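Undergrad: What follows is a predicted structure for the sequence shown.
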Amino acid sequence: MDGLVFDIAHLFAGGLVLVSFMMLYQDRLYALLNIFALHAIVLALSVGWQAYIQGAPHLYITTAIALLFKGIVIPVALHRIIQRLGIHREIETVVGIGMTMLAGIGLVALSMVVMLRVTADADRLAREDVALALSVVLLGLLMMVTRRNAVSQVVGFMSLENGLILAATGAKGMPLVVEISVAFSVLIAFIVIGIFLFRIRERFDTVDIHALDRFQGDRG
Amino acid sequence: MAVILDFAAQVAQMLVVLLLAPLLTGFVRKIKARLLRRQGPPLIQPYRDLIWLLHKEVVLAENASWLFRVAPYLIFATTWVAAALVPTFGTGLMFSWTADLIAITALLASARFFLALAGMDVGTSFGGIGSSREMMIASLAEPAMMMIVFTLALMAGSTQLSTISGVMLSPEIGLRISLGLALLALIIVAIAENARIPVDNPATHLELTMVHEAMVLEYSGRHLAVLELAASLKLLLYVSLIICIFVPWGLVPTGAGHAGYVIGAAAYAAKLAAGGLLLALFETAIAKMRVFRVPNFLGAALMLGLLGTLLRFISRSL
């Protein structure tokens, strides 16, 4: 029984890493948003399974938050932002997809090496979850680094936060208050970023953040 | 007596793959045609084509070297040996100890090497394009294949196919994400290696899209027949490989006696038909991708294989 419990937890956490890679692979915004919704759903499954095997009812609330906000509300909102900005064309990635994938594999290997060494005497489930969660976080960061488009950077940020939640549920320690406040701060961050997107767009007629690099300030 | 029966089973396996291969090709074509609401050629059309080609005269280009004439037979021989090594209805065959995944990959790679050489031999531009594209695909598909082999070998403790399917049949294998990743990667590799639709279109001679057809463009008569049979064998090989590793149920285990072979054969036929059906459905549902997108597609397979190996490592070290 213990073997199967661990295997299913491993399946969901590994699935989350896989979906992170799928996000790196996508080069269209709408497809990216769909994969992001899938990311949230896999996270919800993973957290729900942890809630079940740890017998921790408060984790079910986390599951519901993940499913409702990240699986439905944020993707739908981003969809509408993309529609209003009129940017449903291809994403320009800074380096090619192949290089990004290789970098991603390197990051996953790095996080495994680091985490498995650091957590040598922890619980089996927690170790595995923390190692995979770190790779999800690093892949989210990689996504933010490699994309130029501000909307896909937002998606990278949100997937990074999914990784944090995975780590928190595996560690059996995060209180519900922290959990909910993190969820809401992410929502608020989302709103702020949304407003920023429209401001950037108003100012530069694009959401390509390289326009910000070229901007020298008001000269006139 | 037992030795003779074992030998007969091995010979039967070799003949089964040879005789079934054109049928599988015909079956996939038929299903694809039906899905497009066409009547489609009859199931035995590939056999008829082969016989027809065997009766045709061989037309050789003036500057074709001996390699051009030898290559089809070499390609056919290596592909046939590789296909005959994959367990189809039972694992306890006489030569199962040689059925090693790395050996099969190497046999297919040498077949591809000769095909690429033959494509360039006559010196037409089409053959050159086909060969260079084939090599580009191979340079990505083979590392992916090796990663899949590593993932499976880490789990089964062996690269031998009969051992792997034995481990897959045993209850201790459990639910493994690495297996799922390896399956996805193997499907992508199989599609690319067999020149099926998102990578190459097996039914067209449009120069912008063809890879495999471009290399065999100069062949005719019995050479072409042998090459087409080799291509069918390769398709059968990959479908059998996926079946024997990931859906080994019904496979006759080692030392189960010869009576079980009937059940094994029936199960194999059913699984083969299901595989052909899925391939036809997949091919009808999606469009051919640009040649320059193929590296991304195959890179995904490589990435899946690597990820599977990595995930296997952590669940093993815990």
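TA: Ah, there it is.
Undergrad: Tell me who's in contact with the closest residue to chain A within chain B.
TA: Residue of chain B nearest chain A, by Cβ to the nearest Cβ: B:I177 (3.8 Å). For glycine as for every other residue, the C-beta is placed from the backbone atoms N, C-alpha and C. When contacts are counted by Cβ atoms under 8 Å, 6 or more residues apart in numbering or on different chains, B:I177 touches A:10-11, A:14-15, A:18, B:308, B:311.
Undergrad: same thing but 7 Å
TA: Contact analysis of B:I177 by Cβ atoms under 7 Å, 6 or more residues apart in numbering or on different chains lists A:10-11, A:14-15, B:311.
Undergrad: Near chain B, which residues of chain A are found?
TA: A:3-4, A:7-8, A:10-11, A:14-15, A:17-18, A:21, A:25, A:97-98, A:101, A:105, A:108-109, A:112, A:116, A:124, A:127-128, A:131 (Cβ under 7 Å from any Cβ of the partner chain).
Undergrad: Cross those against helices and list the overlap.
TA: Members of these lying in helices (criterion: DSSP state H): A:3-4, A:7-8, A:10-11, A:14-15, A:17-18, A:21, A:25, A:97-98, A:101, A:105, A:108-109, A:112, A:116, A:124, A:127-128, A:131.
Undergrad: Need the buried ones from these selected in PyMOL.
TA: Only the buried members of these enter the following PyMOL selection, criterion being 16 or more other Cβ atoms under 10 Å in any protein chain shown:
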select buried, chain A and resi 8+10+11+14+15+17+18+21+25+97+98+101+105+108+109+112+116+127+128+131
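Undergrad: if I read this right, B:A230 contacts B:L74, doesn't it?
TA: No: applying Cβ atoms under 7 Å, one finds B:A230 not in contact with B:L74, separated by 9.6 Å.
Undergrad: Now do stretch B:172-179: distance to the chain's middle.
TA: The chain centroid and the centroid of stretch B:172-179 are separated by 24 Å under Cα atoms, centre = their mean, to the nearest Å.
Undergrad: and if you look at stretch B:19-34?
TA: Between the centre of stretch B:19-34 and the centre of its host chain there is 14 Å, according to Cα atoms, centre = their mean.
Undergrad: Give me the buried positions along that stretch.
TA: Buried-residue list, stretch B:19-34, by 16+ other Cβ under 10 Å: B:20-32.
Undergrad: Convert it to CSV, retaining C-alpha atoms only.
TA: Taking Å, rounded to 0.1, in the frame of the first residue of the first chain, the C-alpha atoms of stretch B:19-34 are listed here in CSV:
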residue,chain,number,x,y,z
LEU,B,19,4.1,-11.8,-43.7
LEU,B,20,2.3,-9.5,-41.3
ALA,B,21,4.2,-6.4,-42.1
PRO,B,22,2.5,-5.5,-45.5
LEU,B,23,-0.8,-6.4,-43.9
LEU,B,24,-0.3,-3.8,-41.2
THR,B,25,0.7,-1.2,-43.8
GLY,B,26,-2.4,-2.0,-45.8
PHE,B,27,-4.6,-1.9,-42.7
VAL,B,28,-3.4,1.5,-41.7
ARG,B,29,-4.0,2.8,-45.2
LYS,B,30,-7.5,1.3,-45.3
ILE,B,31,-8.4,2.8,-41.9
LYS,B,32,-7.1,6.2,-43.0
ALA,B,33,-9.1,6.0,-46.2
ARG,B,34,-12.2,5.0,-44.4
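Undergrad: List the contacts of that stretch.
TA: Contacts for stretch B:19-34 (Cβ under 7 Å, 6+ apart): B:39-41, B:43-47, B:50, B:229, B:232-233, B:235-236, B:239, B:272-273, B:276-277, B:279-280, B:283-284.
Undergrad: what's the closest non-adjacent residue to the residue of chain B closest to chain A?
TA: Excluding the flanking residues, the one nearest B:I177 by Cβ to Cβ, 6 or more residues apart in numbering or on different chains is A:G14, at 3.8 Å.
Undergrad: Can you pull out the low-pLDDT segments for chain A?
TA: Where chain A drops to pLDDT under 70, the residues are A:1-2, A:88-93, A:171-177, A:216-220.
Undergrad: For chain B, what's its nearest residue on it.
TA: For chain A, Cβ to the nearest Cβ, closest residue to chain B: A:G14, 3.8 Å.
Undergrad: Wait, that residue touches A:A131, no?
TA: No: if you go by Cβ under 7 Å, A:G14 and A:A131 don't touch, sitting 10.4 Å apart.
Undergrad: Show me which residues of the stretch 201-318 of chain B are close to chain A?
TA: With Cβ under 7 Å from any Cβ as the criterion, the stretch 201-318 of chain B meets chain A at residues B:295-296, B:299-300, B:303, B:306-307, B:310-311, B:313-315, B:317-318.
Undergrad: Show only the entries of those found in strands.
TA: In strands, defined here by DSSP state E, there are no members of those.
Undergrad: before we move on, back to that, list the contacts of the residue nearest to B:I177.
TA: Neighbouring residues of A:G14 by Cβ under 7 Å, 6+ apart: A:132, B:177, B:311.
Undergrad: distance between stretch A:17-33 and the chain's centre?
TA: 11 Å.
Undergrad: actually stretch A:111-120, not the one I wrote
TA: Using Cα atoms, centre = their mean, the offset of stretch A:111-120 from its chain centre is 21 Å.
Undergrad: Can you give me the buried ones in it?
TA: Within stretch A:111-120, the residues scored as buried using 16+ other Cβ under 10 Å are A:111-112, A:115-116, A:119.
Undergrad: And stretch B:132-139, by the same measure?
TA: Under the neighbour-count criterion of 16+ other Cβ under 10 Å, stretch B:132-139 has B:133-134, B:136-138 buried.
Undergrad: Put together CSV for those, with distance to chain A, secondary structure and pLDDT on each row.
TA: Formatted as CSV, the buried residues of stretch B:132-139 follow (distance: Cβ to the nearest Cβ, whole Å; DSSP: H, G, I helix; E, B strand; the rest coil; pLDDT from 0 to 100):
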residue, distance to chain A, secondary structure, pLDDT
B:R133, 17, helix, 90
B:E134, 19, helix, 91
B:M136, 13, helix, 91
B:I137, 14, helix, 91
B:A138, 16, helix, 92
